[in-house]
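Q: Coordinates for the following, if possible.
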Amino acid sequence: MASPGSHIVVLAFVLLISSKLAECHNIVRFLPGFQGPLPFLLETGYVEVGETEAEEHAELFYYFIESENDPKGNPLLLWLTGGPGCSAFSGLVFEIGPLTFKNEEYNGSLPNLTLKPQSWTKVSSIIFVDLPAGTGFSYPKTERAVQQSSSKLVRHAHQFIRKWLIDHPEFLSNEVYIAGDSYCGIPVPVIVQEISNGNEGGMQPWIYIQSLQKNCRGEYRNIDPRNALCLRDMQSYEESHAYVLCSYWANDDNVRKALHVRKGSIGKWTRCNDDLKSKFNADIPSSFQYHVNLSRKGYRSLIYSGDHDMVVPFLATQAWIRSLNYSIVSDWRQWYYDGQVAGYTRTYSNRMTFATVKGGGHTAPEYKPEECLAMFSRWISNMPL
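A: Numbers count the residues shown, from 1 in each chain. Here you go, the predicted structure:
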């Protein structure tokens, strides 16, 4: 499961040292379109990445939501949305965050937000980061920074999490997971390996890592033309009424002011930046070998697929995992939520868990939020699904 379509979670125990820190953040207590004060802690801000003259500079925008349960004891999750070029805000309001848009006909006024009870913030704190630069409210600071690639996304994600933790020392003792869906099934395991290599080289702080994802058989650049579903995955997500509402909301001046978006930093906000995607250099065409390397090192991983995913069907994911040739520890069985079959799961000797989500589409938590929250909660607690 290492590629476009994968959900990846990467666990990391972190104690950081730090280089040049460039971060600005603010607490958001009220949001236009939401009635009353927010019942959870929301922070937004920027982290500067690209520290050398040879590396172009960019400002990465993020939304941080503190765990609604136990911020000190619950893990910290860094979430990357796919595309490439789709804003992490999409993951926040459509997949695993505590807010979503009311399903109302658009009448020209600001769309309304409502609480989503099946948020993964019930069991973890989450950073939703707009990556690569040019996605969402993130922006490049130089002409060279406009050019984006898979390897640059990996470097910037690594820099981002280190800097963010340095500026938030209260989370240094929390377990840290790095996660992504769809296209980010490719870069997330590469980020994990980069951190792992740094650990082995004595880089401080030490980061204890694991991983989670959803996929196109490990392919991206040289996609098999017969894999029509994988080709479709490289296209923008299908538009829906809610996606349109999200664009109206994010382009409202009062919303940008509430989120502390830097005035003039970007023009029109788009959920997915198709121009960035069309020019994106996919210089990491497959993450298959990275998964092999990480499995050898004993990193834990959860890979899940909606069984109604017509973009990256779960059978393709299953075939990709089977090609790793690891022995089965616990064979194919049903897993349950609320007394009902929620999908099927299998675990392997390399500490990998594969699960299907019954009735789930390409972005499974969007279709089956209760079941996916149960799945994630059990996995991070080291419990069987």
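
Q: contacts, neighbours, all on C-alpha from now
A: Fine.

Q: What residue spans form the domains of this protein?
A: 27-220+241-298, 300-384 (the TED database).

Q: Present those as a markdown table; the columns should include mean pLDDT and mean neighbour count.
A: Listed next are the domains of the chain as a markdown table, based on pLDDT from 0 to 100; neighbours: other CA atoms under 10 Å:
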| stretch | mean pLDDT | mean neighbour count |
| --- | --- | --- |
| domain 27-220+241-298 | 88 | 20 |
| domain 300-384 | 90 | 19 |
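
Q: For residue 45, pull up the helix or strand it's in.
A: strand 42-49 (DSSP states H and E).

Q: and that strand, what does it pack onto?
A: Applying 3 or more CA pairs under 8 Å, 6 or more residues apart in numbering; DSSP states H and E, one finds that strand 42-49 contacts strand 23-28, strand 58-65, helix 150-167.

Q: partners of the helix or strand following the second one, with directions?
A: Using DSSP H and E, the helix or strand that follows strand 58-65 towards the C-terminus is strand 76-80. Sheet pairing of strand 76-80 (DSSP bridges) gives strand 125-129 (parallel), strand 175-180 (parallel).

Q: report the angle between the axes of strand 76-80 and strand 58-65?
A: If you take axes from the mean of the first three to the mean of the last three CA atoms, to 10 degrees, strand 76-80 sits at 130 degrees to strand 58-65.

Q: How about residues contacting strand 76-80?
A: By CA atoms under 8 Å, 6 or more residues apart in numbering, the residues outside strand 76-80 that reach it are 9, 88, 91, 124-131, 161, 171, 174-181, 184.

Q: Run a quick check on residue 129 versus residue 59, I expect a contact.
A: No: the criterion here is CA atoms under 8 Å, and residue 129 misses it with residue 59 at 10.7 Å.

Q: one step back: for residue 138, find the nearest of the helices and strands packed on strand 42-49.
A: Closest to residue 138 of the helices and strands packed on strand 42-49 is strand 58-65 (CA to CA; 4.5 Å).

Q: still on that earlier bit, of all the helices and strands packed on strand 42-49, which one is nearest residue 302?
A: helix 150-167 (19.9 Å).

Q: Kindly export the closest one (C-alpha atoms) in CSV.
A: What follows is helix 150-167, C-alpha atoms only, in CSV (Å, rounded to 0.1, in the frame of the first residue of the first chain):
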residue,chain,number,x,y,z
SER,A,150,7.9,14.4,-4.2
SER,A,151,11.4,14.6,-2.7
LYS,A,152,11.0,18.3,-1.8
LEU,A,153,7.7,17.5,-0.1
VAL,A,154,9.5,14.8,1.9
ARG,A,155,12.2,17.2,3.0
HIS,A,156,9.8,20.0,3.9
ALA,A,157,7.5,17.6,5.9
HIS,A,158,10.5,16.5,7.9
GLN,A,159,11.6,20.1,8.6
PHE,A,160,8.1,21.1,9.4
ILE,A,161,7.5,18.5,12.2
ARG,A,162,10.9,19.1,13.8
LYS,A,163,10.4,22.9,13.9
TRP,A,164,6.8,22.6,15.0
LEU,A,165,7.7,20.4,18.0
ILE,A,166,10.6,22.7,18.9
ASP,A,167,8.1,25.5,19.2
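
Q: Show me what it packs onto, helices and strands only.
A: Looks like helix 150-167 contacts strand 23-28, strand 42-49, helix 187-200 (3+ CA pairs under 8 Å, 6+ apart).

Q: So which residue of the protein lies furthest out from the middle?
A: Here the centre of the chain is the reference, and by CA atoms, centre = their mean the most remote residue is residue 107, at 31.7 Å.

Q: Not including adjacent chain positions, what is the nearest residue to residue 164?
A: residue 47 (7.1 Å; CA to CA, 6 or more residues apart in numbering).

Q: Now do the helices in the chain.
A: Secondary structure of the chain (DSSP state H): helices at 88-91, 150-167, 187-200, 228-233, 241-250, 253-259, 274-279, 288-296, 314-322, 364-367, 369-380.

Q: I'd like the helices and strands packed on helix 150-167 laid out as CSV, including distance to residue 153.
A: Listed next are the helices and strands packed on helix 150-167 as CSV, based on distance: least, CA to CA, whole Å:
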stretch, distance to residue 153
strand 23-28, 18
strand 42-49, 10
helix 187-200, 7
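
Q: and of these, who's closest to residue 84?
A: Closest to residue 84 of the helices and strands packed on helix 150-167, according to CA to CA: helix 187-200, at 10.3 Å.
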